[in-house]
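Asks: dropping the sequence and predicted coords here.
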Amino acid sequence: MNVLPDSAPGFDQPIAVLKHCHDRIRKQLATMEKLLPHLAAHGADEQAQQAAAAVIKYFDKAAHLHHEDEEQDLIPMLQATAQGDDAALLAQLAPGILDEHRQMDAMWQGLHEQLRAIADGSAALLRENDVRRFVDTYGAHMEREEGHIAPMAKRIFSAAQMAQLGQAMQLRRGIAVPVSTGDAVAGLRKDYGQATLDEDAVADDPFEQFNTWFEQALKAEVNEPNAMSVATVDERERPTSRIVLIKQYDARGFTWYTNYESQKGRQLAANPHAALLFFWPELERQVRIEGRVERTASEESDKYFHSRPLKSRLAAIASEQSLPILNRAALEDNYAAIARQFGEEPPRPLNWGGFRLVPERIEFWQGRRSRFHDRIVYMLQADGSWTRQRLQP
Ligand SMILES: Cc1cc2nc3c(=O)[nH]c(=O)nc-3n(C[C@H](O)[C@H](O)[C@H](O)COP(=O)(O)O)c2cc1C
């Protein structure tokens, strides 16, 4: 899997590459199933040894990379892009997919030992139940991904996002990625370099306008499009700010996840007014969002917490965010203790969850020549409607 054979699709079609990986997994699963009667009839003969070695080689390395593609790139990119029904389906499927990866890793450990002994010729035992469970779990898992996840990615990812996913998968396999991102993206940047913001052309609804700009930021592959500054004030009304990652936005507001007892958490408990700031330099754009912050419902925080990779969940529990600690070693010790205590299924700690900023003011800023920029600000009215006006640069 490190170097793809000629017949494999290229990384410019990352979803096809993922499907190709599934087909190869299916082939290895079939080999394992065929080994069962073969071992019964012939023991660990040379053919069985070779088959066992090939299966080990595949699942030790390639299957692992494939899971990382999904966990670190495909699913987070879908989470950042999916809206409405897609977002709901993803929230429903993603935790199960990540959970099954862990289950299949654990099942593989057991099979690995048996296959290693077969490959060495030192034993001929392959437990049928172990093989069946592994084959069934993988089969159902891949079908779910092919039935829902892959079609969604094909439907909602832009060409630039597909390129981004393919490049990440390529880098994971140590294959060099050319620096140029291709004509399509270069063309996009050029277009937006000439962009203007017109009060008659923007959407009536600022959330719709934000969605348009966010999607354009994704398409243009701006660096960390979902990173935003969150400004809060302390008890003496002095401002402080930090970067967090937006995890959701919809008509209710803009959501990120953090520790409720962190500095920002304590400040927001005392004074819920905050300001968010996105800066997308490649598009010469910023968005300023101000309003009141509320906590997300605990079910929402649970859902997101359980969709995170295990290590991130353990880290969230282990860190008393914003409090001092003696040194890095003490931090690592705390993590190890939490990992021992909770194992594979850590519960969401009550001091960790989402904050949602419910906006009252949203300003879109588009850089123009000679510092003569465009600024359109939306203000929430008492009846829940939004007005907008142009501000001077
Ligand atoms: C790119 C980037 C993304 C970050 N994302 C988060 C995040 O989603 N949640 C979070 O709590 N901290 C995040 N951080 C760390 C915060 O900036 C900050 O250090 C931390 O939340 C503690 O802030 P506080 O002491 O003001 O509460 C991120 C930092 C960077 C640079």
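Replies: It's in.
Asks: any idea how far residue 37 is from residue 128?
Replies: 10 Å (Cβ to Cβ, to the nearest Å). Where you see a C-beta, it was placed from the backbone N, CA and C, and this is true even at glycine.
Asks: my error: substitute residue 248 in the last question.
Replies: Counting by Cβ to Cβ - residue 248 and residue 128 are separated by 45 Å.
Asks: more neighbours: which of those two?
Replies: residue 248 (21 against 11; other Cβ atoms under 10 Å).
Asks: and residue 265, how far is that from residue 42?
Replies: From residue 265 to residue 42 the distance is 64 Å (Cβ to Cβ).
Asks: contact partners of stretch 260-279?
Replies: For stretch 260-279, the external contacting residues (Cβ atoms under 8 Å, 6 or more residues apart in numbering) are 217, 225, 227-235, 237, 240-242, 246, 254, 258-259, 285-295, 320-322, 350-353, 355, 357.
Asks: ugh, typo on my part, it should be stretch 328-346
Replies: So stretch 328-346 is contacted by 102, 310, 313, 314, 315, 317, 318, 319, 325 (Cβ under 8 Å, 6+ apart).
Asks: count of residues packed around the first one?
Replies: Residue 102 has 14 neighbouring residues, counting by other Cβ under 10 Å.
Asks: for it, what are its contacts?
Replies: Residue 102 neighbours (Cβ under 8 Å, 6+ apart): 310, 344.
Asks: could you do the last one as well?
Replies: When contacts are counted by Cβ under 8 Å, 6+ apart, residue 325 touches 331, 334.
Asks: tell me the secondary structure for it?
Replies: coil (DSSP: H, G, I helix; E, B strand; the rest coil).
Asks: how close does it get to residue 24?
Replies: 45 Å.
Asks: go on, the third one?
Replies: Summarising the geometry, the distance separating residue 313 from residue 24, computed by Cβ to Cβ, is 30 Å.
Asks: how about the fourth one?
Replies: Using Cβ to Cβ, residue 314 is found at 31 Å from residue 24.
Asks: so which of the two has more stuff around it?
Replies: Neighbours were counted for residue 314 and for residue 24 using other Cβ under 10 Å; residue 314 has more, 21 against 18.
Asks: helix or strand for that one, which one?
Replies: Element membership of residue 314, judged by DSSP states H and E, is helix 310-318.
Asks: and that helix, what does it pack against?
Replies: Secondary-structure packing of helix 310-318 (3 or more Cβ pairs under 8 Å, 6 or more residues apart in numbering; DSSP states H and E): helix 298-307, helix 328-342.
Asks: show me what from the chain comes close to the ligand.
Replies: Neighbours of the ligand within the chain, by Cβ under 6 Å from any ligand atom: 224, 227, 242-245, 256-258, 262-264, 321-322.
Asks: just the buried residues out of those, in PyMOL syntax.
Replies: Only the buried entries of the residues of the chain next to the ligand go into this PyMOL selection, using 16 or more other Cβ atoms under 10 Å:
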select buried, resi 244+256+257+258+262+263+264+321
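Asks: reformat the residues of the chain next to the ligand as TSV; add secondary structure and pLDDT.
Replies: Converted to TSV, the residues of the chain next to the ligand look like this (DSSP: H, G, I helix; E, B strand; the rest coil; pLDDT from 0 to 100):
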residue	secondary structure	pLDDT
224	coil	92
227	strand	96
242	strand	98
243	strand	98
244	strand	97
245	strand	96
256	strand	97
257	strand	97
258	strand	98
262	coil	98
263	helix	98
264	helix	98
321	coil	98
322	coil	97
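Asks: verify the contact between residue 114 and residue 126 for me.
Replies: Yes: contact between residue 114 and residue 126 holds when scored by Cβ atoms under 8 Å: they sit 5.3 Å apart.
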